[in-house]
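Student: Attaching a predicted model along with its sequence, questions to come.
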Amino acid sequence: MKKSKKIYLDYNATTPMDPGVLEAMIPYFTEKFGNPASHTHSFGWEAEEAVSNVRITIAKELNANSREIIFTSGATESLNLAIKGLCQSYSDEKKNHIITSVIEHRAVLDTCKEMDKRSWKITCLPVEKDGLINLQSLEKALRDDTLLVVLMHANNEIGTINPIKEIGMTCKKRGVFFAVDAAQSFGKLPINVQEMGIDLLAVSGHKIYGPKGIGFLYVRMKNPQVRLKAQIDGGGQEQGLRSGTLAVPLIVGLGKATELCIKERKTENPRLETLRDKLFKGICDVFPDTILNGSLESRLPNNLNICFPNIEGEALVMSLSDIACSTGSACTRTAFKPSHVISALGVNDELARSAVRFSLGRFTSEEEINIALEQIINGVERLRQLRLK
Ligand SMILES: Cc1ncc(COP(=O)(O)O)c(C=O)c1O
């Protein structure tokens, strides 16, 4: 029996690798296998050059210096290094307060929780109904002992985009470090660390059609220089901040993925926005009680997160057997607990449990959206009829 092809609408969880990325990586698994730390022969030099080129590509995209890019295994590790490394490095300066927000990814929330256990004071800012940080509440939360503000650029569940430049300027005025979780925005939205006042920035390759297990941390080295305590000891690679032999094929993949995103985003973003809006409108036309979670204006073009009143989101997702979508963050799915992000918007528990995220990407076609729309409508109708029985 031929299995029907699944329609993948979960690009905020992860993306398939672009074929161009795989092609760029392959030689670095076989003939170009050198260790970039081998300075005595051409195998090492070749690997070192490949890594250096990726550093330059990423730095250029961020308006940073290539020495400020530290390769890691991904955003989670980068955020751990940023938060723990900064706190440990400045622990003697009587600054022991961190500000974050309630809708952060667990990579930030749980790292902050760990710092709380280590006697750091944490303020978790609420968000507005539209999912955005309120600048005045940030200003109010800043204290003389605040060392760090750590916030996401774009949210993984509802796709909302924070006013990063304004937040960065607020932090600069107060002499507070600003770390940004850019796992969902890098490559898709332009980022300028100088103009946005960003001191640390975390990214994962697998969100931008690159490989899993690779990412980076941008660490500002000037105006001001950010000091971090390494969390991994060893050979002293990555300026001593992340020891361990560099994953050259993965780094090459990350570089290619970055290049492709920059090249494609001018056409890709409007295309995804049109498809996303078509899906949303199609659902709303049939179910006018559908509720959008988070701002529509300040939002990633590929993300749709909606509540279907009187339906369990989990039941809908499970019933859509040909569509891969989710009820929220893939990493925090707990059947009976509504998403902490949707709850933070002021949505009651029952409604929050009806939320479903559809996230589109580079390989989503209009035909797939038409099929998905039909199946979502059928699925919602079926579940509502079951409820009435
Ligand atoms: C906003 C955000 N931050 C951090 C992460 C963690 O990324 P990774 O699991 O690749 O380390 C993710 C991944 O889902 C994310 O969406």
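Tutor: Sure thing, it's come through. Predicted model only: the values in this text are computed from it and were never measured.

Student: Please count neighbours and contacts with C-alpha atoms only from this point.
Tutor: Fine.

Student: State the three-state secondary structure for residue 250.
Tutor: Assigned with DSSP: H, G, I helix; E, B strand; the rest coil, residue 250 falls in the helix class.

Student: Which stretches in this structure count as helices?
Tutor: 19-25, 42-62, 75-89, 106-117, 135-141, 164-174, 248-286, 313-319, 340-344, 349-352, 366-388 (DSSP state H).

Student: okay, these in JSON lines with mean neighbour count next?
Tutor: What follows is the helices of the chain, written out as JSON lines (neighbours: other C-alpha atoms under 10 Å):
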{"stretch": "helix 19-25", "mean neighbour count": "17"}
{"stretch": "helix 42-62", "mean neighbour count": "18"}
{"stretch": "helix 75-89", "mean neighbour count": "22"}
{"stretch": "helix 106-117", "mean neighbour count": "17"}
{"stretch": "helix 135-141", "mean neighbour count": "13"}
{"stretch": "helix 164-174", "mean neighbour count": "18"}
{"stretch": "helix 248-286", "mean neighbour count": "19"}
{"stretch": "helix 313-319", "mean neighbour count": "19"}
{"stretch": "helix 340-344", "mean neighbour count": "21"}
{"stretch": "helix 349-352", "mean neighbour count": "19"}
{"stretch": "helix 366-388", "mean neighbour count": "15"}
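
Student: Columns distance to residue 301 and mean pLDDT on top of the ones you listed, output as TSV?
Tutor: Formatted as TSV, those follow (distance: least, C-alpha to C-alpha, whole Å; pLDDT from 0 to 100):
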stretch	distance to residue 301	mean pLDDT
helix 19-25	23	98
helix 42-62	20	98
helix 75-89	21	98
helix 106-117	23	98
helix 135-141	23	98
helix 164-174	17	98
helix 248-286	4	98
helix 313-319	21	96
helix 340-344	19	97
helix 349-352	22	95
helix 366-388	15	96
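
Student: wait, which of those is closest to the ligand?
Tutor: Each of the helices of the chain was scored for nearness to the ligand using C-alpha to the nearest ligand atom, and the closest is helix 75-89 (3.6 Å).

Student: send the alpha carbons of that closest one over as CSV?
Tutor: Taking C-alpha atoms only, helix 75-89 is exported to CSV below (Å, rounded to 0.1, in the frame of the first residue of the first chain):
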residue,chain,number,x,y,z
ALA,A,75,21.3,27.6,20.4
THR,A,76,20.9,25.7,23.7
GLU,A,77,24.6,25.4,24.3
SER,A,78,25.2,29.0,23.1
LEU,A,79,22.6,30.4,25.6
ASN,A,80,24.1,28.3,28.4
LEU,A,81,27.5,29.7,27.6
ALA,A,82,26.2,33.2,27.3
ILE,A,83,24.2,33.3,30.5
LYS,A,84,26.3,31.1,32.8
GLY,A,85,29.6,32.3,31.3
LEU,A,86,28.7,35.9,31.8
CYS,A,87,27.4,35.5,35.3
GLN,A,88,30.5,33.5,36.4
SER,A,89,32.8,36.1,34.8
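
Student: Now residue 39: closest residue in space, sequence neighbours ignored.
Tutor: Leaving aside its chain neighbours, residue 39 sits nearest to residue 45 (6.4 Å; criterion: C-alpha to C-alpha, 6 or more residues apart in numbering).

Student: Check whether the one you found really touches residue 36, as I assumed.
Tutor: Yes - at 6.4 Å, residue 45 and residue 36 qualify as touching, with contact defined as C-alpha atoms under 8 Å.

Student: neighbours of the residue nearest to residue 52 when sequence neighbours are not counted, just the number please.
Tutor: In this structure, residue 52 finds its nearest non-sequential neighbour in residue 66, 7.9 Å apart by C-alpha to C-alpha, 6+ apart. Applying other C-alpha atoms under 10 Å, we find 18 residues neighbouring residue 66.

Student: In contact with residue 66: list those residues for me.
Tutor: By C-alpha atoms under 8 Å, 6 or more residues apart in numbering, the contact set of residue 66 is 52, 55-56, 58-60.

Student: Pretty sure residue 65 sits against residue 59.
Tutor: Yes - counting by C-alpha under 8 Å, residue 59 is a contact partner of residue 65 at 5.5 Å.

Student: Can you tell me how far residue 234 is from the ligand?
Tutor: With distances taken as C-alpha to the nearest ligand atom, to the nearest Å, residue 234 is found 22 Å from the ligand.
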